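Colleague: whatever this is, show me its structure:
(one chain, ligands or ions: 2)
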Amino acid sequence: MNKNKVYIETYGCQMNFADTELVMGILSNKGYQITKDIAEANVILLNTCSIRDNAEQRIYGRLGNLKVIKDDNPETVIGILGCMAERLRKELIEERKIVDLLVGPDEYRRLPEFINTAFAGEKGIGVKLSRTETYDDIIPFREDGLSAWISVMRGCDKFCTFCVVPFTRGRERSRSLNSVIDEIKRLSERGFKEVTLLGQNVNSYNDGGNDFADLLAASASVDSQIRIRFTTSHPQDLSDKLLYTIAEYPNICNYIHLPVQSGSNRILELMNRTYTIEHYLNLIDKARKIIPGVSFSTDIISGFPTETYEDHLQTLEVMQTVGYDGAYMFKYSPREGTKAYNMKDDVPDEVKTKRLNEIIDLQHKISYEINQKMIGTEEIILVEGPSKKSDAFLAGRTDTNKVTIFPKAENIHPGDYVKVKINRATSATLFGEYTGRVRSITTVESARSGRLKRTSTKSGRTLVSANTKS
Ligand code: 5AD
Ligand code: SF4
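Modeller: Ligands and ions are numbered 1, 2, ... in the order given. As a prediction, the model looks like this:
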């Protein structure tokens, strides 16, 4: 029997968290035990991120800590998975002697083989990218819970000039619709209540005749009590069909992560984002008409090469115009191999920081104002468990992904949908009181919005279609 015990730490985006579950699936099929205790592991893996320099610096710091373990027990295999394995390759092996294993995102199937190579005293290296690997047939190793991430496509063909992802994760390819649906069925049987479909650019999902809207519709039809989320959407590829699909299915969350990156057309062009701010704002307007109550989040980069104060002001202006519920905000970090790396990183770090702080402050203010307007409304919350601060309170999320805290109520458990009346809000959290249980999110949300009518399908399942379409 395989006595090896694997410990794995994950850094970076949700794709990496989903990949870690794949890796654990692959290893446990080969008889490896997965452990949460690093002290008992003889294989220690870090699933890494290269998106910005500080992400990589964290991993270098962690490798420094792991050296102590390796010194005590030289038999321990230490491996780097993910984007850094792909990006740094030889450098990591040569400079960091404690690294025995380097396996990039498209070579996880061969991980058991590479681990054996490392146990035999050689370096296990697998960093080839693939045009076809989707791990379609691999069942990820997931603990029981409420929320699951499912990666539906891999790689990215967009080549934004600042981004290393097309180089570390390779070309875009989609999983088959059927394999995604089978995975959601298994999750439904296990009692999961929320599924997030993942890809660097889910809108270019393509499985023969099926596009992302088809995948989303099929996902939502598996179990009407599972909330469906998805990320990330590229503003160039978001179709009307997709917007109508979100409107049509009450269990597809009214929430779109739509990275804008910058408010300046000049900078967007330098970034190769392939849309203008006018196109972006039109899209937001259209989405709001088709999906009443839809909310948005975004990604913003401050201090891209040549960014002027005027460009920065335009970013602040777009933030105000859209009124994002949330934003992920970053300082530009030059990545070797990208096109922007050849541009001069000419915005001084203090200026990047100052602009970033202005962006963060504005977003706080916008989120606070949006949340204040929710006071007095009743929201449907998926209960996740006790709140972090006190067992006397429960925490859950709204359809638009806002954390909501309310006093514990009789017989309410994680996984239940409940109604909560909001009576207080900060920029990050809603607070309220329990007003009742929700039997079915399909019926309640359609009745509430008043824009949806019920129709019966051939299978007898109740679907809901939007009359906004006609
Ligand atoms: N510097 C700063 N932020 C970056 N992102 C991607 N590459 C860089 C970079 N080189 C941000 C983008 C992207 C998010 C995932 O990370 O905003 O949407
Ligand atoms: Fe990177 Fe752009 Fe692809 Fe997103 S769409 S992963 S930012 S290249």
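Colleague: show me which residues of stretch 212-229 are buried.
Modeller: The neighbour-count criterion (16 or more other CB atoms under 10 Å) identifies 212-217, 219-224, 226-229 as the buried residues of stretch 212-229. Where C-beta positions appear, they are placed from N, C-alpha and C, glycine not excepted.
Colleague: for the residues you listed, which one is nearest ligand 2?
Modeller: Each of the buried residues of stretch 212-229 was scored against ligand 2 by CB to the nearest ligand atom, and Phe212 proved nearest at 14.2 Å.
Colleague: do you know the pLDDT at the closest one?
Modeller: Each residue has a pLDDT score; the one for Phe212 is 98.
Colleague: swap in Arg96?
Modeller: Arg96 is assigned 73 on the pLDDT scale.
Colleague: pretty sure it contacts Gly61?
Modeller: No - using CB atoms under 8 Å, Arg96 and Gly61 do not qualify as a contacting pair, with a distance of 11.8 Å.
Colleague: these two: which has the busier surroundings?
Modeller: With other CB atoms under 10 Å as the criterion, Arg96 and Gly61 differ in neighbour count, and Arg96 comes out ahead with 18 against 9.
Colleague: residue contacts, the closest residue to that one other than its chain neighbours?
Modeller: Excluding its sequence neighbours, the residue lying closest to Arg96 (CB to CB, 6 or more residues apart in numbering) is Leu63, at 5.5 Å. With contact set as CB atoms under 8 Å, 6 or more residues apart in numbering, Leu63 has these partners: 46, 78, 96, 98-99.
Colleague: one step back: so which of the buried residues of stretch 212-229 belong to strands?
Modeller: With strands taken from DSSP state E, the overlap with the buried residues of stretch 212-229 comprises 227-229.
Colleague: and this protein, which residues reach ligand 1?
Modeller: Selection of the chain residues close to ligand 1 by CB under 6 Å from any ligand atom yields 51-52, 162-163, 259, 261, 299, 301, 330, 332-333, 335.
Colleague: doesn't Gly293 make contact with Asp325?
Modeller: No - in this structure, Asp325 is not within contact of Gly293 by CB under 8 Å, at 11.2 Å.
Colleague: who's more crowded, those two?
Modeller: A direct count of neighbours by other CB under 10 Å for Asp325 and Gly293 places Asp325 higher, at 22 against 14.
Colleague: about what we covered before: most neighbours among the residues of the chain next to ligand 1, which one is it?
Modeller: With neighbours taken as other CB under 10 Å, the top of these is Ile301, carrying 27 neighbours.
Colleague: so which strand or helix has that residue?
Modeller: Using DSSP states H and E, Ile301 maps to strand 295-302.
Colleague: that strand packs against which elements?
Modeller: Counting by 3 or more CB pairs under 8 Å, 6 or more residues apart in numbering; DSSP states H and E, the packing neighbours recorded for strand 295-302 are strand 255-257, helix 309-322, strand 326-331, helix 349-372.
Colleague: anything in the next helix or strand after the first one near ligand 2?
Modeller: Moving toward the C-terminus from strand 255-257, the next helix or strand (DSSP H and E) is helix 265-270. No - legend: contact between helix 265-270 and ligand 2 by CB under 6 Å from any ligand atom is lacking; minimum distance shown is 11.6 Å.
Colleague: quick check: next helix or strand after helix 265-270?
Modeller: The next secondary structure element downstream of helix 265-270 (using DSSP H and E) turns out to be helix 277-290.
Colleague: in that next one, what counts as buried?
Modeller: Neighbour counts using 16+ other CB under 10 Å place 277, 280-281, 283-284, 287, 290 of helix 277-290 among the buried residues.
Colleague: now the helices and strands packed on strand 295-302 as a markdown table including mean pLDDT?
Modeller: As requested, these are arranged in a markdown table below (pLDDT from 0 to 100):
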| stretch | mean pLDDT |
| --- | --- |
| strand 255-257 | 98 |
| helix 309-322 | 98 |
| strand 326-331 | 97 |
| helix 349-372 | 98 |
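Colleague: redo the ones you listed as CSV? Include distance to ligand 2.
Modeller: Output for the helices and strands packed on strand 295-302, formatted as CSV (distance: least, CB to the nearest ligand atom, whole Å):
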stretch, distance to ligand 2
strand 255-257, 11
helix 309-322, 16
strand 326-331, 11
helix 349-372, 17
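Colleague: pick the most buried one from those.
Modeller: Looking across the helices and strands packed on strand 295-302 with neighbours counted as mean count of other CB atoms under 10 Å, the highest average goes to strand 255-257: a mean of 23.
Colleague: going along the chain, name the helices of the stretch 1-150 of the chain.
Modeller: In the stretch 1-150 of the chain, the helices defined using DSSP state H, counting those that start in this stretch lie at 14-29, 53-72, 83-88, 90-95, 111-119.
Colleague: which secondary structure elements does the last one contact?
Modeller: What that stands for is helix 111-119. Contacts of helix 111-119 with other secondary structure elements, assessed using 3+ CB pairs under 8 Å, 6+ apart, are made with helix 14-29, strand 77-82, strand 101-103, strand 124-126.
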